[in-house]
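# Fold the following, please.
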Amino acid sequence: MEEVVINIYNIVGNSLCIASDDGEKVYEQIKKALNSDKIAKVSFLNVEMLTSAFLNSAIGQLYRDFSEEQIEKQVKFADLDPDDLATLDRVKRTAKSFYEDPDRLRKSIEDIMDD
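Now for the predicted structure:
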């Protein structure tokens, strides 16, 4: 399977990956690779700041459109520091839970907000 390198820094245009709009651009590139049956190697080289909002847009919504198996097989991550890797893992877990049962998660959030 052919590998495509998706360089976050080049897509965003700077080292601050904080906006969900920028994450959307990354998501579109990953989606294109997956739809073309390619491996998406997502490189965070030169990224200095990374937020969960960015990762939710870039990575989290993949779980809405693709199976977990396909994502695990075709999306690889490179050049992440341990803190950012932990944030990515949390985003992935949350996205999987949400897209498996979005109504249950919404209800949980509503219950918390009502307290």
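# Provide the secondary structure category for the residue nearest to the spatial centre of the chain.
What sits nearest the mean C-alpha location of the chain, by CA atoms, centre = their mean, is I59, with 1.3 Å. At I59 the chain is in helix, as set by DSSP: H, G, I helix; E, B strand; the rest coil.
# Stretch 43-61: end-to-end distance?
Criterion CA to CA, to the nearest Å; first-to-last residue distance in stretch 43-61 is 18 Å.
# quick one, what contacts the residue nearest to the centre of the chain?
G23, V26, Y27, I30, V42, V75, L88, V91, K92, A95 (CB atoms under 8 Å, 6 or more residues apart in numbering). (Glycine included, C-beta is placed from N, CA and C.)
# Next one: it from F44, what distance?
For I59, the distance to F44 (CB to CB, to the nearest Å) stands at 11 Å.
# again with D84
Relative to F44, and taking CB to CB, D84 is found at 7 Å.
# ditto for D21
From D21 to F44 the distance is 18 Å (CB to CB).
# These two: which has the busier surroundings?
Using other CB atoms under 10 Å as the criterion, D21 and F44 rank with F44 on top: 21 against 11.
# Without its sequence neighbours, what residue ends up closest to the more buried one?
Excluding its sequence neighbours, the residue lying closest to F44 (CB to CB, 6 or more residues apart in numbering) is D79, at 4.6 Å.
# pLDDT wise, what is that neighbour at?
The model reports D79 with a pLDDT of 97.
# For it, give me its contacts.
D79 makes contact with S43, F44, L45, V47, according to CB under 8 Å, 6+ apart.
# Of those residues, keep whichever come out buried.
S43, F44, V47 (16 or more other CB atoms under 10 Å).
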